[in-house]
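>>> Attaching a predicted model along with its sequence, questions to come.
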Amino acid sequence: MPPKAVKTIKDLIYWEYAKLISGSAGFGRKQYPFVMRKFTELKNGIIKWSDILREDLRIDNTKCVYCSRTQGLSKDHIVPKRECHFREIHNIVTSCMNCNSSKGDKDLIEWYSLERRYDIPRIVMGKYLKMIYICHECRGTLDKGDINKDGILNVLDLGAIFKEECIKNGR
């Protein structure tokens, strides 16, 4: 559950990305003080989101990003193809046919499950958050709160936008 400082989808994306930064720095994704500092830096523009959008070009395409198999590889769209930005570089990873079939058109958090969200590989979660940002920005929902209307703002709200037809720029 994110802290009270996280009030919007944009805040939630920054919070989740701050956890990735913390994990990459060796502190783990649950180191609250470090995560809060990185969240604040993202929110205040000290860490620029535009710079983060350019960072994920170094990825190992010789194995499945989910299970590390090296045979029967294909491209997986993290956000299902039915969405308008599905060809974005941030949306494509290498996966084996088994993982690709298992995931199908499920949202990443739905496929892994809320309980296993910390098992999502860092590169996949980073790309997912970038796609989520792009899609919410396109639909004008970055400043919204509880999208799935379950009474709490959490990672399940990020992909809830895909349960509805894509209406660009909130129209």
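Now that the structure is in, tell me what you want to look at. Numbers count the residues shown, from 1 in each chain.
>>> contacts, neighbours, all on C-alpha from now
Will do.
>>> neighbouring contacts of the lowest-mean-pLDDT helix or strand in the chain?
Lowest by mean pLDDT, DSSP states H and E among the helices and strands of the chain is helix 49-52, with a mean of 78. Residues outside helix 49-52 that contact it (CA atoms under 8 Å, 6 or more residues apart in numbering) are residue 42.
>>> any idea which helix or strand comes after it?
Following helix 49-52 in sequence order, the next helix or strand is strand 73-77 (DSSP states H and E).
>>> Give me the local confidence score for the residue sitting furthest away from the middle of the chain.
What lies farthest from the middle of the chain is residue 71; by CA atoms, centre = their mean that is 26.0 Å. We have a pLDDT of 95 for residue 71.
>>> State the distance from it to residue 32.
In this view, residue 71 and residue 32 are 39 Å apart by CA to CA, to the nearest Å.
>>> Over to residue 74?
Residue 74 sits 37 Å away from residue 32, going by CA to CA.
>>> for residue 159, same thing?
In terms of CA to CA, residue 159 sits 24 Å off from residue 32.
>>> Show me which of those two is the more surrounded one.
residue 159 (21 against 15; other CA atoms under 10 Å).
>>> What distance do you get for that one to residue 9?
Taking CA to CA, one finds residue 159 at 10 Å from residue 9.
>>> and what of residue 116?
Relative to residue 9, and taking CA to CA, residue 116 is found at 21 Å.
>>> Could you do residue 29 as well?
19 Å.
>>> Give me the more crowded residue out of these two.
A side-by-side neighbour count of residue 29 and residue 9, using other CA under 10 Å, places residue 9 first with 25 against 19.
>>> Could you name the specific helix or strand carrying the closest residue to that one other than its chain neighbours?
Counting by CA to CA, 6 or more residues apart in numbering, residue 9 lies nearest to residue 142, which is 5.0 Å off, once chain neighbours are set aside. Assigned by DSSP H and E, residue 142 belongs to no helix or strand.
>>> Would you check that residue 142 makes contact with residue 8?
Yes: judged on CA atoms under 8 Å, residue 142 makes contact with residue 8 at a distance of 6.6 Å.
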